[in-house]
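> need a structure here:
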Amino acid sequence: MARLFPICLNLIGLLAWAGGLAYAQSKVLQQAAQLDAQVLKKHVFTLASEEFAGRRGKGSEKTVDYIVNHFRSNHLKPGFDTSYIQDVIQGTSGKVIGRNVSAKVEGSDPVLSREWIILSAHWDHLGKNEGNGKIYAGADDNASGVAMLLESAAWFARPENRPKRSILFVAFDLEEFGLFGSRYFAAHMPMEEKSLKLFVTADMIGRSLSGICREWVFVIGSERLPESRDWLKLASRGLSIKAGLLGTDLVGVRSDYGPFMTRKVPYLFFSTGECNEYHSANDRPETLDYPKLHQISELICTTVKTAADDARIEPWSDEAMAAPEEMRVIAAVLEEMKSPASGLKLGGYQLNLVEKTLGTIRELLVKNKISDTERKSVIRAAQFLMFTAL
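Just a heads-up that it's a prediction; the model follows:
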């Protein structure tokens, strides 16, 4: 009996722990976003149709109307006071050169609702090429991101999905022209800058990096907000795609997170990377991987929901803290690059550099300690290979 009693206590404690874990997992699953795959596809086919003219010129008007009508039909409030539209004004001339479109869902928590998260994607593209007369439809760049944004906004607008923090959904114009739309927005926010706790954006989430890394979506920005890695892990449960965490210094400023990064607003950027169809007339809706777009969209939406309901979002970290798994993500990309199945034609120097870098990463992982100098050396090699081989 004396020995049985503590065993029973341990068993009771184990059952209680298991029950608590099951409850926690159930709670997470209840928070997981469920977006309509067919509606996501419909958005892409519409926005990348010939009627929308590559979302420049006449196509711009149709795009703005399409986004506004979607927000309005889902009963989302305007993001700019009484308007869904923010005119983007050039310098002191007063000339309107673009339009950002925004809607909001106000948070349910009396305190946290004063804080904001932005979920965004840029809607513009390259329009018609005057040289060859072809329309650059921009299915992946960035009708894919806009589809995610629109369906996420509709999901959050339902009463049962209302977040604790307030969320602003923003479709930026002029990303393709120096990030001018997001730069203007960042300088003219509809909320106090100090109340903006997180900026999330997605650009090109419907294919894969140069035809490789088909299971991956890459996420940068967690080095300034390490707690976001927990949100991503929770949001990834049940999904087959892999969220690869990388540092911003590997790719630089490639999309609308730039103006917020300079203001030290924590950010997350989701992308599958550049592909062969990038900025070409071949970026058409029938060529996208829609199951992958669906999964990435749900990953992003669930990540935002998890962040919006977190008790506290830490401020910007002045020290960039690389994700522990970053080296493994880079190694996975390099392994796919050298594989004959990749279709990439690497030169002798490139292959040697791939093998050398993989060897360095293996040594660092065994040592389980990476200095800043060692990390930068791997990053430089990865940058060279990305820009010369992909």
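
> Please name the residues that touch residue 71.
By CB atoms under 8 Å, 6 or more residues apart in numbering, the residues touching residue 71 are 78, 84, 101, 103, 153, 169. For every residue, glycine as well, the C-beta is placed using N, CA and C.

> so what does the helix or strand harbouring the fifth one touch, helix or strand wise?
To tie it back to what came earlier, the one meant is residue 153. In this assignment (DSSP states H and E), residue 153 forms part of helix 144-157. For helix 144-157, the helices and strands in contact under the criterion 3 or more CB pairs under 8 Å, 6 or more residues apart in numbering; DSSP states H and E are helix 37-47, helix 58-73, strand 95-105, strand 116-122, strand 166-172, strand 196-202, helix 290-309.

> So in that sheet, which strands flank the fourth one, and in what orientation?
Here strand 116-122 has these sheet partners by DSSP bridges: strand 166-172 (parallel), strand 196-202 (parallel).

> Next, the angle strand 116-122 makes with the helix holding residue 153.
150 degrees (axes from the mean of the first three to the mean of the last three CA atoms, to 10 degrees).

> List the contacts of the closest residue to residue 379 other than its chain neighbours.
Nearest non-adjacent residue to residue 379, counting by CB to CB, 6 or more residues apart in numbering: residue 250, 5.5 Å away. Contact analysis of residue 250 by CB under 8 Å, 6+ apart lists 220, 330, 379, 382, 383, 386.

> still on that earlier bit, between the contacts of residue 71, which is nearest residue 54?
Using CB to CB, residue 101 comes nearest to residue 54 of those, at 17.4 Å.

> what about the closest one, how many neighbours?
A count of neighbours around residue 101, defined by other CB atoms under 10 Å, yields 28.

> so it touches residue 68, yeah?
Yes - at 6.1 Å, residue 101 counts as touching residue 68 under the criterion of CB atoms under 8 Å.

> shared neighbours, the two?
Contact criterion CB under 8 Å, 6+ apart; residues shared by residue 101 and residue 68: 84, 85.

> What segments of the protein are strands?
Assigned by DSSP state E, the chain shows strands spanning 77-78, 85-90, 95-105, 116-122, 127-128, 135-136, 166-172, 196-202, 216-220, 242-246, 267-271.

> Nearest to residue 365, out of those strands?
With CB to CB as the measure, strand 242-246 is the member of the strands of the chain nearest residue 365 (15.2 Å).

> Neighbouring strands - and their directions - for that closest one?
strand 216-220 (parallel).

> got the contact list for the partner strand?
Against strand 216-220 from outside (CB under 8 Å, 6+ apart): 205, 208-209, 232, 241-248, 250-251, 257, 268-273, 292, 296, 299, 329, 332-333.

> at 6 Å what do you get?
For strand 216-220, the external contacting residues (CB atoms under 6 Å, 6 or more residues apart in numbering) are 241-246, 248, 268-272, 296.

> picking up where we left off before, I'd like the strands paired with strand 116-122 as JSON lines, with mean pLDDT and mean neighbour count appended.
Listed next are the strands paired with strand 116-122 as JSON lines, based on pLDDT from 0 to 100; neighbours: other CB atoms under 10 Å:
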{"stretch": "strand 166-172", "mean pLDDT": "98", "mean neighbour count": "27"}
{"stretch": "strand 196-202", "mean pLDDT": "98", "mean neighbour count": "26"}
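
> mind giving me TSV with the ones you listed and columns for distance to residue 347?
Output for these, formatted as TSV (distance: least, CB to CB, whole Å):
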stretch	distance to residue 347
strand 166-172	38
strand 196-202	33
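
> Put the alpha carbons of stretch 343-351 into CSV.
Provided in CSV are the C-alpha atoms of stretch 343-351 (Å, rounded to 0.1, in the frame of the first residue of the first chain):
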residue,chain,number,x,y,z
GLY,A,343,16.4,20.7,-62.9
LEU,A,344,18.9,23.4,-61.8
LYS,A,345,22.2,23.4,-63.8
LEU,A,346,24.8,24.3,-61.3
GLY,A,347,28.3,25.0,-62.4
GLY,A,348,31.4,23.4,-60.8
TYR,A,349,32.0,26.4,-58.5
GLN,A,350,28.4,26.5,-57.4
LEU,A,351,28.3,22.8,-56.6
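
> Quick one: mean pLDDT for that stretch?
Stretch 343-351 comes out with an average pLDDT of 94.

> contacting residues around that stretch?
For stretch 343-351, contacts defined as CB under 6 Å, 6+ apart pick out 337, 389.

> Any idea how far that stretch is from the middle of the chain?
On the basis of CA atoms, centre = their mean, to the nearest Å, stretch 343-351 sits 30 Å off its chain's mean C-alpha point.

> got it, and stretch 249-267?
Centroid separation for stretch 249-267 versus its chain: 12 Å, with CA atoms, centre = their mean.

> And it, end to end?
14 Å (CA to CA, to the nearest Å).

> count of residues packed around residue 355?
Residues contacting residue 355 under the criterion other CB under 10 Å number 12.

> picking up where we left off before, which among the helices and strands packed on helix 144-157 is found nearest to residue 132?
Taking CB to CB, helix 58-73 is the member of the helices and strands packed on helix 144-157 nearest to residue 132, at 17.5 Å.

> Alpha carbons of that closest one, as CSV, please.
Output of helix 58-73 as CSV, limited to C-alpha atoms (Å, rounded to 0.1, in the frame of the first residue of the first chain):
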residue,chain,number,x,y,z
LYS,A,58,-8.1,50.4,-66.1
GLY,A,59,-7.5,47.3,-64.1
SER,A,60,-6.7,49.4,-61.1
GLU,A,61,-10.2,50.7,-60.9
LYS,A,62,-11.7,47.2,-61.1
THR,A,63,-9.3,45.9,-58.5
VAL,A,64,-10.1,48.6,-56.0
ASP,A,65,-13.8,48.1,-56.5
TYR,A,66,-13.4,44.3,-56.2
ILE,A,67,-11.6,44.6,-52.9
VAL,A,68,-14.0,47.2,-51.5
ASN,A,69,-17.1,45.2,-52.5
HIS,A,70,-15.6,42.1,-50.8
PHE,A,71,-15.0,44.0,-47.5
ARG,A,72,-18.4,45.6,-47.6
SER,A,73,-20.3,42.4,-48.4
